[in-house]
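[1] take this sequence and fold it.
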Amino acid sequence: MFSLFKKKKIIPLIRLSGVIGNVGKFKQGIDLTGQEENIKKAFSIKKSPAVAISLNSPGGSPVQSHLVYDFIRYQANKTNKKVIIFAEDVAASGGYLISCAGDEIYANQSSIIGSIGVIYSSFGFKDLIDKIGVKRRVYTAGKNKSTLDPFLEEKKEDIERLKNIQLDLHEDFIKVVETSRNSKLKKNLGIELFTGEFWSGRKALELGLIDGIGNANEILRKKYGEDIIIKKFEKNKSWLARKLSSETQTEKIINIFEERSIWQKYGF
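    Here you go, the predicted structure:
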């Protein structure tokens, strides 16, 4: 006897939102430790043909970007499931690297996509401490231990060393994008894709950085049927974390400015 009730397909939807890496005590960001359980649970739904990921990130830690990317691909290969990424406001820098874990990437026409590059920024305080009469004493074992110390004059050799590291990281990023997007990338349009530039979702589609324009609800129902169940997996901050945050007011202000500076680069 056939069942009168046909089981509906379940499509898991993981939400990844925020700066990648550590953004302060008890604050939500994207890192493997915080997302591993949700990713595992989403891929463990046996009869789902795909796992969808809603992503909204301006980037952050290159290491955590790679770790999250690698873990998504590991789970996809292990369970033989398709991964579909949906970019929201921003999928830039490390956010775009994680997007490359998708077999397909979709975005809004106004999303910010790309920024395939590496950045390091800091401040120099030497003139300030000289002006206020502060004497700083540093003792090191190892001549390069004080590299890029913000209270010392910049050294040419320190900058060269940093640039060499950035080149390595940039090459790794490019390799991920080229492997993931492969023949989809439109390199014949006279536009350099790997300079750190970013584009609107509409332009990113022309360049082959994404596969289409649309949102999760629309695309998933078009692909798998109107009656699918979209089951959401999102990392929630615990009650204890909300109550017991031990950040000082100064730490909170610094973290807010650091996080906002990353988002504001893309107009948010």
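[2] where does residue 267 land on pLDDT?
    Residue 267 is assigned 50 on the pLDDT scale.
[3] cool, residue 125 as well?
    pLDDT, residue 125: 66.
[4] the longest strand in this protein is where?
    strand 82-92 (DSSP state E).
[5] let me see the ranges of the strands in the stretch 101-250 of the chain.
    Secondary structure of the stretch 101-250 of the chain by DSSP state E, counting those that start in this stretch: the strands cover 104-107, 112-114, 198-200, 212-213, 229-234.
[6] which other residues reach the fourth one?
    Outside of strand 212-213, the residues within contact range by Cβ atoms under 8 Å, 6 or more residues apart in numbering are 104, 106, 107, 108, 109, 201, 202, 205, 219. (Each C-beta comes from the backbone N, C-alpha and C, glycine too.)
[7] relative to it, what are the paired strands and their orientations?
    strand 104-107 (parallel) (DSSP bridges).
[8] contacts for the partner strand?
    So strand 104-107 is contacted by 82-87, 91, 99, 113, 201, 204-205, 209-216, 219 (Cβ under 8 Å, 6+ apart).
[9] can you get me a residue count around residue 57?
    29 (other Cβ atoms under 10 Å).
[10] apologies, that question was intended for residue 74.
    13.
[11] so how far is residue 101 from it?
    10 Å (Cβ to Cβ, to the nearest Å).
[12] hey, what's in contact with both of these two?
    Joint contacts of residue 74 and residue 101 (Cβ under 8 Å, 6+ apart) do not exist.
[13] run through the stretch 151-268 of the chain and note the low-pLDDT ranges.
    151-152, 236-268 (pLDDT under 70).
[14] my guess is residue 210 meets residue 112, correct?
    No. Taking Cβ atoms under 8 Å as the definition, residue 210 is not a contact partner of residue 112, at 11.6 Å.
[15] any residues in contact with both of these two?
    Counting by Cβ under 8 Å, 6+ apart, the residues touching both residue 210 and residue 112 are residue 201.
[16] neighbour count winner among the two?
    More neighbours surround residue 210 than the other of residue 210 and residue 112, with 29 against 25 (other Cβ under 10 Å).
[17] distance of that one relative to residue 108?
    Distance from residue 210 to residue 108, counting by Cβ to Cβ: 10 Å.
[18] give the residues shared as contacts by the two.
    87, 201.
[19] what about the helices in the stretch 101-250 of the chain?
    126-131, 156-181, 201-207, 216-224, 239-243, 249-264 (DSSP state H, counting those that start in this stretch).
[20] thank you, goodbye.
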